[in-house]
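Chemist: What shape does this take:
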Amino acid sequence: MGRYGERPLRRGDGGRPRDVSPTGRRRYAAAIALLFALLFSGGSSLAAEAAPAVTTAPAPRGAAAITSAPVSIGCILPLTGRYAAYGAGALDAILLAAGVFDAVQETPIRLLIEDSRSEPAAAAAAVGKLAAAGVTSILGPLGSQEALEAATEAQRLKVPILTLTQREGITAIGDQVFRNFLTAAAQVRTVVHYAQAGIGLRRFAVLYPDDLYGQEMARLFREEVLSKGGELKALRPYSPDQVDFGAEIRALVGLPSAAAPPDPAMIFPPKPTPGFEALFIPDSAQRVATIVPQLAYHDITGIRLLGTSGWDSPELLTAAPELLQGAIFVNGFFPNSVRPEVNRFVESFYIAYGREPDTMEALVYDAARIAVRLAIAPGGSDRETFRQRLLWVDRYQGVTGKTSFPASRDAEKELFILTVRDGQIIQVK
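Modeler: Prediction:
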């Protein structure tokens, strides 16, 4: 998964509701009408009455029933502007999590949705509007800078905010700021832990794009490997727009550059002997599919390839999938998972929207389910009670794995570990 606002997040094709109950179709039509009213009336906010199903969301400790008092939850999403497509996907996930398509169960949730217009200043202003409207909590925003501005304002106004961004350090703003998203640090921790504890690897190398994303991933990987007693044998950057990686690959394994004159006494060049057991490449699936055949061309074989959520795409298998056999990478969501809660979510999402959900939508869905369930639990729905309940969330089994909120307020998530086997991406754990 790429980074919203920095690298594209993969999205599925759009669709329309299919096979929805009459009540569900009416609610879907009402939600779309409200959205279009928002977009074309010059306003910036939208309210939707929701009826959440609560059977799979976490309950606070000691909770035994659901409140009947009206509760408002605020959402800040980029419904217009540069990142409107991501905002629309997030809104789809929130509406489904809030029970808009549930024709059976009615509960007193009211969604107040503000359009950030993909602008940080608008996101901060939206926090003020929602706080004045009396929301219990706020979901969003998605963008890195938008989240920073919104979280700062939410902390000032003492409104709990569950941000949906990869921005590192966002929860350090204050005790009102939480985050439920797939972070670079969580990906690296999971990959390194599985490589060391699950496979027994100790010696690593990194080949990374020389941009902000690649530099951050390489730094995190180096720190994690060294802190866990591993060895980092080589670290090599490449230009984000290059297509020939021969020089970088030769440098990784200590081979002379292509410009060096050949040794006339040598009939056959020596086969490289990498001093590492695994190579970490934090880049997109398309770029990895270009790099891997070049590794084989230079006889760099017999090593384990490691990656990030950006690998989880059919594009990874477009060139020589046999060279990726056994590669290890992670993601926050895997639609083909064997977990029953994932299967139910994928089916419900497809019935509602005619397409499969992507990772971003699954993460937003879980965040919204948690917020809805905590908001309607008995014992009050004021902001401080909601904030305390978020800290009670412990191993919530959602569609993106188990989620807990420790004292840092940065969600700890059990990521999906993926591999390539027989030309297919499958779940390992």
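
Chemist: quick one: secondary structure of the spatially most central residue of the chain?
Modeler: What sits nearest the mean C-alpha location of the chain, by CA atoms, centre = their mean, is residue 182, with 3.6 Å. Three-state call for residue 182 (DSSP: H, G, I helix; E, B strand; the rest coil): coil.

Chemist: didn't it look like it was pressed against residue 312?
Modeler: No - counting by CB atoms under 8 Å, residue 182 does not reach residue 312; the two are 10.9 Å apart. C-beta: built from backbone N, CA, C; applies to glycine.

Chemist: mind listing the helices for the stretch 201-350 of the chain?
Modeler: 212-227, 246-253, 285-297, 340-353 (DSSP state H, counting those that start in this stretch).

Chemist: tell me which residues of the third one are tucked away?
Modeler: So that's helix 285-297. 285, 287, 288, 289, 290, 291, 292, 295 (16 or more other CB atoms under 10 Å).

Chemist: Tell me the confidence at residue 271?
Modeler: Note for residue 271: predicted pLDDT of 69.

Chemist: How about residue 256?
Modeler: We have a pLDDT of 75 for residue 256.

Chemist: who's in contact with it?
Modeler: residue 250 (CB atoms under 8 Å, 6 or more residues apart in numbering).

Chemist: Next, count neighbours for residue 404.
Modeler: Counted with other CB atoms under 10 Å, residues neighbouring residue 404 total 15.

Chemist: hey, what's it bridged with?
Modeler: Counting by DSSP bridges, residue 404 forms beta bridges with residue 412.

Chemist: I'd say it and residue 396 touch.
Modeler: Yes - in this structure, residue 404 is within contact of residue 396 by CB under 8 Å, at 7.1 Å.

Chemist: ok, back up a step: make JSON lines from the buried residues of helix 285-297 and add pLDDT to it.
Modeler: As requested, these are exported to JSON lines (pLDDT from 0 to 100):
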{"residue": "285", "pLDDT": "96"}
{"residue": "287", "pLDDT": "96"}
{"residue": "288", "pLDDT": "97"}
{"residue": "289", "pLDDT": "96"}
{"residue": "290", "pLDDT": "95"}
{"residue": "291", "pLDDT": "97"}
{"residue": "292", "pLDDT": "96"}
{"residue": "295", "pLDDT": "95"}
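
Chemist: Please give the element, helix or strand, for residue 149.
Modeler: Using DSSP states H and E, the secondary-structure element containing residue 149 is helix 144-157.

Chemist: which residues of the chain score low on pLDDT?
Modeler: The model of the chain has pLDDT under 70 over residues 1-69, 101-107, 257-271.

Chemist: thinking again about what came up before, can you tell me, leaving aside adjacent residues, what's nearest to the residue nearest to the centre of the chain?
Modeler: Leaving aside its chain neighbours, residue 182 sits nearest to residue 332 (3.8 Å; criterion: CB to CB, 6 or more residues apart in numbering).

Chemist: Cool, thanks, signing off.
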